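Novice: Need a 3D model of the following:
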Amino acid sequence: MEQIVYKEFRPDRALSPFIDAFWTLTGHNTGPVPDKILPDGCVDIILNTGPSFPSRNGAAPMATGETYLIGTMTRYIEMVRPPATSLTGIRFKPGGFSFFYAPSLLKDAADRTVEFDRTLVPAINRATPDPRTTLDDFFLRRLAAPAQPIQPLIADIQLAKGRLTVSRLARQNFMTIRQLERLFQLHLAITPKEFINFTRFQSATQQIRSRPADKTLLDISLDCGYYDHAHLTNEIKKYSGSAPSGL
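Specialist: Numbers count the residues shown, from 1 in each chain. Next up, the predicted model:
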């Protein structure tokens, strides 16, 4: 019988604007377990303190004792976790990675799992049940604002729930579209349009999961800025691999 234990730990208050959570995932199952990972707009660093396994869809394995960077995801991925999984992760809020590391490390990392320099993370082993203190101390020492933070742009998109255009976002922040695109490529390795679309998808899925009985998918589609029910359904399948009814 599969036994998977996932735990989240809140970071220090000074880190919380930039780090969403520290987390651990441990498994004691008897065989490989298929898993689907949905995009969340975040960047993760993962330390694998358990056995090696393919990072996604049969790609190169995440080796035991190594550290990996998971770039901003624009679509869901499927993977197979091995027995005795043991992972520790740091999940950065959108744009938060650049407060601790050179944003150039994210170049070409979108939708990819890439090796990350182990000297750039603290030592964590399988016998560490609660990594909070170690991770808090490490990231508090590294905390430094980048020259051009992207948080104001992210906040505008999230406040609008993805219902705004790239040109409007640029006007609101007194910059050109080209400047906007450079910032998103630097801090997220995706385009502003991709992040806007993903934020709108998040808003739609939240409404679907909490909708009252008298609210239809067409109502939600129009409320979130989609052309129609079919447009919403296609976007949900793109990001989650499921129909709206499967959310």
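Novice: what about the longest helix in this protein?
Specialist: Ranked by number of residues, the top helix in the chain under DSSP state H is helix 192-210.
Novice: Give me the contact list for that one.
Specialist: 39, 41, 72, 74, 94, 153-154, 157-158, 161-166, 169, 180-181, 184, 188, 215, 217, 220-221, 223-226, 232, 235-236, 239-240, 244, 247 (Cβ atoms under 8 Å, 6 or more residues apart in numbering). Where you see a C-beta, it was placed from the backbone N, CA and C, and this is true even at glycine.
Novice: Please pick the buried ones from these.
Specialist: When those are checked for burial by 16 or more other Cβ atoms under 10 Å, the buried set is 39, 41, 72, 74, 94, 153-154, 157, 161-164, 166, 169, 180-181, 184, 188, 217, 220-221, 224-226, 232, 235-236, 239-240, 244.
Novice: hang on, the earlier thing: could I have the CA atoms of the longest helix of the chain written out in CSV?
Specialist: This file holds the C-alpha atoms of helix 192-210, laid out as CSV (Å, rounded to 0.1, in the frame of the first residue of the first chain):
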residue,chain,number,x,y,z
PRO,A,192,4.4,38.3,-20.0
LYS,A,193,1.6,36.9,-22.1
GLU,A,194,2.3,33.4,-20.9
PHE,A,195,2.1,34.5,-17.3
ILE,A,196,-1.1,36.5,-17.9
ASN,A,197,-2.8,33.5,-19.5
PHE,A,198,-1.7,31.2,-16.7
THR,A,199,-3.0,33.7,-14.0
ARG,A,200,-6.4,33.8,-15.8
PHE,A,201,-6.4,30.0,-15.8
GLN,A,202,-5.8,29.9,-12.1
SER,A,203,-8.7,32.3,-11.5
ALA,A,204,-11.0,30.2,-13.6
THR,A,205,-10.1,27.0,-11.9
GLN,A,206,-10.7,28.6,-8.5
GLN,A,207,-14.1,29.6,-9.6
ILE,A,208,-14.9,26.2,-11.0
ARG,A,209,-14.0,24.5,-7.8
SER,A,210,-16.1,26.8,-5.6
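Novice: All set now, cheers.
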